[in-house]
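Peer 1: this one's structure only:
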């Protein structure tokens, strides 16, 4: 019994220490890309977005009407690693504003904690139910964020945003994870593609 409590305390302390040591992602550096390289990278992200939406609609046909009626949406391709009590993820994506047809290319990073193990490559699709949630996500064309909690068993799951005006869909491309975690995710405007 005493050993069990000590082990539990050790796990909690490790999680808190690890979460405290994590730093927020740095602003991405500007690369010296040619116009052709910028267009190529933008095209790759747009193609990824179309593929992710097709997969979402195949799994959840009702999502298509939800996205079509929304003021905007975002699609990200993310690689995530969950190693015991630490969670880290990185990815690229696009935010589409339907009112003006503007596309903003973004980068994302997540740091968190929670029990689990696994590696996944997945698509994360945000549906913004009103203009305010879209504006808050983008934070003036520079950065955004969404503090979220998720629980995933297997290759797919639903992620819940603390903002009730954002719906988040998650579709696994490959990998497997058993996890329950919480943390903060930052979304930064890609200085090379906008």
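Peer 2: Looks like it came in fine. Here the structure is a predicted model, which means the values were calculated and not measured. Residues are numbered from 1 along each chain as shown.

Peer 1: now the helices for the chain?
Peer 2: 2-21, 35-59, 62-69, 131-142 (DSSP state H).

Peer 1: how near is residue 35 to residue 104?
Peer 2: Using CB to CB, to the nearest Å, we find residue 35 at a distance of 18 Å from residue 104. Every C-beta, even on glycine, is put in place using the N, C-alpha and C of the backbone.

Peer 1: kindly apply the preceding question to residue 89 instead.
Peer 2: When CB to CB is applied, the distance between residue 89 and residue 104 equals 20 Å.

Peer 1: circling back to that earlier point, the more surrounded of residue 35 and residue 104?
Peer 2: Each of residue 35 and residue 104 has its neighbours counted (other CB atoms under 10 Å); residue 104 has more, 19 against 7.

Peer 1: please verify my assumption that that one contacts residue 94.
Peer 2: Yes - with contacts counted by CB atoms under 8 Å, residue 104 reaches residue 94, the gap being 6.9 Å.

Peer 1: show me the shaky parts of the chain.
Peer 2: Low-confidence regions of the chain, defined by pLDDT under 70, span residues 1-28, 83-87, 111-119, 139-162, 174-184.

Peer 1: switch the cut-off to 80
Peer 2: Across the chain, residues meeting the criterion (pLDDT under 80) sit at 1-29, 80-89, 109-120, 138-163, 173-186.

Peer 1: residues in contact with residue 128?
Peer 2: By CB atoms under 8 Å, 6 or more residues apart in numbering, the contact list for residue 128 reads 70, 71, 72, 73, 74, 134, 137, 165, 166.
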